[in-house]
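Chemist: mind looking at a prediction? Sequence and model below.
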Amino acid sequence: MTSRTCLSIILAAGEGTRMKSALPKVLHQIAGLPMVAHVVKAAETAGATDIALVIGHGAEEMRKAAEKFAPRAGTFVQDKRLGTAHAVLAAREALAKGYDDVLVMFGDTPLIDAAALGEARAKLAEGAAVVVIGFRPPSPAGYGRLIETGGKLTAIREEKDCTDEERKIGFCNAGMMAVSGKHALALLDGVGNANAKGEYYLTDIVEIANGKGLDVVATEAGYENALGINNRAELAEAEAIWQKRRRKEAMLAGVTLIAPETVYFSFDTEIGQDTVVEPNVFFGPGVMIASGVKIHAFSHLEGATVAANADIGPYARLRPGSDLAAKAKVGNFVEVKNARIEAGAKVNHLTYIGDARVGAGANIGAGTITCNYDGYSKFFTDIGAGAFVGSNSSLVAPIKLGDGAYIASGSVITEDVPEDALAFGRARQKTLPGKGKELRERRASAVKK
Ligand code: UD1
Ligand code: CA
């Protein structure tokens, strides 16, 4: 990659009224990550060394969120929305530091591909002063049209300012631009607002640069790159495209998805080769799956780490802090939270394991519950290697079962059980011969009367 310095200015001052939301538009998520964070990621992948976020509406909330997804980004407030050029100039201080390349991007265009940005930067390196990323939407209505003569971009005309002839052009402005840092401020300062909307249009720098004899070109990117999100229907559309891309990437990397269209990934899901994912599986944020894992249908995973050849589900729920070692098995209707299931341990059915360790090779019977919470605090359950916990047992934490401990089914265990001990925690069974029949007859005659 190039050693040229690069500032990415991401415009996100819009109100996003059509989202009908208390949350600023660009903080709505795609694959579990705010859409503006996807834009930041693309900028970083394209080599942006610094990020400037231009915010307005919901500035405080935006700043707080940005600390998480772009801790190194500078934030700049645009008080009044006077247009895209005006918005870029809100980051004047950052621009003035001097960069080789400046990438201008929109916070509400989350599917932008880093490769398209890289291509635009390459044109700057070749000597262009302004590079506009163009695309050909199914319908150009609403987009700025790219006006070219002899391979050079001469102007971008906003729809409202187009002549009838210009309106017929299908090649449109995707919104992203790469501008030479050497010229950026002078070009932006030259923008006026004499147009149909009375706004300072970023797109005007194309004509201004041409007027100065600078080199201006357009590149072309796929339609999806330019998909701007204005409402929740478009948000879902972008999510669908993102998921489709990610599923394909996973499959090409050696993951089997039996019904890919029913599997949902998060922005950070990691999944190893030869893992098989059955239909209807959801990966929330923070999931890392090694190779050769089987994830059966209808499982929900979040914040979980899963080692090689583990077996999960169907209908399993792995909550944050779940840590499955190699060949561990977590079966149907089992919930795991903040717990390590060590190698080869089995938690096969109808169980809650929270704040616990299940030692290697241990077997946890159906209906076992770690009682980890007393309404105030959480307590830890430590189950030793090779332990056997009989069905329908309650392990009242804090509690420790030694290696090889054996718990009789139906026990309520409140005291530690040493290594290899057998523990009963239930009343002894009493059997009264003939008493069942006697009871039945007594009840029957009482009801008849
Ligand atoms: C813009 C382009 C148009 C392009 C289209 C692609 C201009 C003048 N027009 O039009 O050529 O085809 O995007 O989607 O650039 N913003 C601010 N502050 C402002 C104005 C805008 O932060 O004062 C932000 C918005 O929040 C948004 C982005 O800039 O994220 C684009 O603004 P918008 O008003 O949506 O521009 P379009 O009319 O869609
Ligand atoms: Ca727009």
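Modeler: Arrived safely, thanks for sending. Ligands and ions are numbered 1, 2, ... in the order given.
Chemist: residues from this structure in reach of ligand 1?
Modeler: Listed as neighbours of ligand 1 in the chain under the rule CB under 6 Å from any ligand atom: 11-14, 54, 78, 81-84, 86-87, 106-108, 143-144, 156, 158, 172-173, 175, 201-203, 228. Quick note: C-beta positions are derived from backbone N, CA and C, even for glycine.
Chemist: ok, which stretches of the stretch 301-449 of the chain are helices?
Modeler: Applying DSSP state H, counting those that start in this stretch to the stretch 301-449 of the chain gives helices spanning 435-448.
Chemist: nearest residue to the closest residue to ligand 1 within it in space, please, no chain neighbours.
Modeler: Closest residue of the stretch 301-449 of the chain to ligand 1, CB to the nearest ligand atom: Glu302 (30.1 Å). Once flanking residues are discounted, Glu302 sits nearest to Gly284: 3.2 Å by CB to CB, 6 or more residues apart in numbering.
Chemist: quick one: mean pLDDT for stretch 232-247?
Modeler: On average, the pLDDT along stretch 232-247 is 97.
Chemist: got a list of contacts for it?
Modeler: 19-20, 28, 30-31, 35, 110-111, 224, 227-229, 257, 260-261, 263-265, 269 (CB atoms under 8 Å, 6 or more residues apart in numbering).
Chemist: hmm, 6 Å instead?
Modeler: Contacts to stretch 232-247, defined as CB atoms under 6 Å, 6 or more residues apart in numbering, come from residues His28, Ile30, Ala31, Pro110, Leu111, Glu224, Leu227, Ile229, Leu257, Pro260, Phe265.
Chemist: list the buried residues for it?
Modeler: Buried positions in stretch 232-247, judged by neighbour count with 16 or more other CB atoms under 10 Å: Leu235, Ala238, Glu239, Ile241, Trp242, Gln243, Arg246, Arg247.
Chemist: now swap in stretch 440-449 and tell me
Modeler: Within stretch 440-449, no residue is scored as buried using 16+ other CB under 10 Å.
Chemist: may I have that stretch as PDB, with CA atoms only?
Modeler: Presented in PDB, the C-alpha positions along stretch 440-449 are these (Å, rounded to 0.1, in the frame of the first residue of the first chain):
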ATOM      1  CA  ARG A 440     -57.600 -43.500  45.100                       C
ATOM      2  CA  GLU A 441     -60.700 -45.300  46.500                       C
ATOM      3  CA  ARG A 442     -61.000 -42.700  49.300                       C
ATOM      4  CA  ARG A 443     -60.900 -39.800  46.800                       C
ATOM      5  CA  ALA A 444     -63.300 -41.400  44.400                       C
ATOM      6  CA  SER A 445     -66.000 -42.000  47.000                       C
ATOM      7  CA  ALA A 446     -65.600 -38.400  48.300                       C
ATOM      8  CA  VAL A 447     -66.200 -37.000  44.800                       C
ATOM      9  CA  LYS A 448     -69.300 -39.100  44.200                       C
ATOM     10  CA  LYS A 449     -71.200 -37.800  47.200                       C
END
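Chemist: could you give the mean pLDDT of it?
Modeler: 92.
Chemist: run through the bridge partners of the closest residue to Lys294 other than its chain neighbours.
Modeler: Nearest non-adjacent residue to Lys294, counting by CB to CB, 6+ apart: Asp311, 4.8 Å away. Taking DSSP bridges as the rule, Asp311 bridges to Lys294, Lys329.
Chemist: all helices of the stretch 1-150 of the chain, in order?
Modeler: Under the criterion DSSP H, counting those that start in this stretch, the stretch 1-150 of the chain contains helices at 35-45, 59-69, 84-89, 92-96, 114-125.
Chemist: out of these, which gets nearest to Leu7?
Modeler: In terms of CB to CB, the element of those nearest to Leu7 is helix 92-96, at 5.9 Å.
Chemist: contacts for that closest one, please.
Modeler: With CB under 6 Å, 6+ apart as the test, helix 92-96 has contacts from Leu7, Ala52, Gly74, Ala184, Leu185.
Chemist: which ones are touching Gly384?
Modeler: Listed by CB under 6 Å, 6+ apart, the contact set of Gly384 reads Gly359, Leu401, Gly402, Asp403.
Chemist: actually, Ser180.
Modeler: Leu124, Ala129.
Chemist: residue contacts, the residue of the stretch 301-449 of the chain closest to ligand 1?
Modeler: Gly284, Arg319, Pro320.
Chemist: what's the closest non-adjacent residue to the second one?
Modeler: By that I understand Arg319. Lys337 (3.9 Å).
Chemist: one more: the last one?
Modeler: Excluding its sequence neighbours, the residue lying closest to Pro320 (CB to CB, 6+ apart) is Gly303, at 2.9 Å.
Chemist: tell me the pLDDT of that neighbour.
Modeler: pLDDT, read off for Gly303, is 98.
Chemist: what about it, how many neighbours?
Modeler: Using other CB atoms under 10 Å, Gly303 has 17 other residues around it.
Chemist: I figured it hits Val287, correct?
Modeler: No. Using CB atoms under 6 Å, Gly303 is not in contact with Val287, being 7.0 Å away.
Chemist: list residues touching both of those two?
Modeler: Taking CB under 6 Å, 6+ apart as the contact rule, Gly303 and Val287 touch no residue in common.
Chemist: with adjacent residues omitted, what lies nearest to Asn332?
Modeler: Nearest one to Asn332, counting by CB to CB, 6+ apart, is Tyr315 at 4.7 Å.
Chemist: Ile341 now?
Modeler: Ala328 (4.3 Å).
Chemist: same deal with Ala43?
Modeler: Ser8 (3.7 Å).
Chemist: pretty sure the one you found is touching Ala46, no?
Modeler: No. With contact defined as CB under 6 Å, Ser8 does not reach Ala46; the gap is 7.8 Å.
Chemist: more neighbours: which of these two?
Modeler: Taking neighbours as other CB under 10 Å, Ser8 and Ala46 compare with Ser8 leading, 30 against 25.
Chemist: roughly how far does that one sit from Asp113?
Modeler: From Ser8 over to Asp113 the distance is 14 Å, taken as CB to CB, to the nearest Å.
Chemist: got it, and Glu239?
Modeler: The gap separating Glu239 from Asp113 is 16 Å, by CB to CB.
Chemist: now the stretch 101-250 of the chain against ligand 1: closest residue?
Modeler: For the stretch 101-250 of the chain, CB to the nearest ligand atom, closest residue to ligand 1: Gly144, 2.3 Å.
Chemist: once you drop chain neighbours, what's closest to that residue?
Modeler: Using CB to CB, 6+ apart, the closest residue to Gly144 is Asn173 (3.9 Å).
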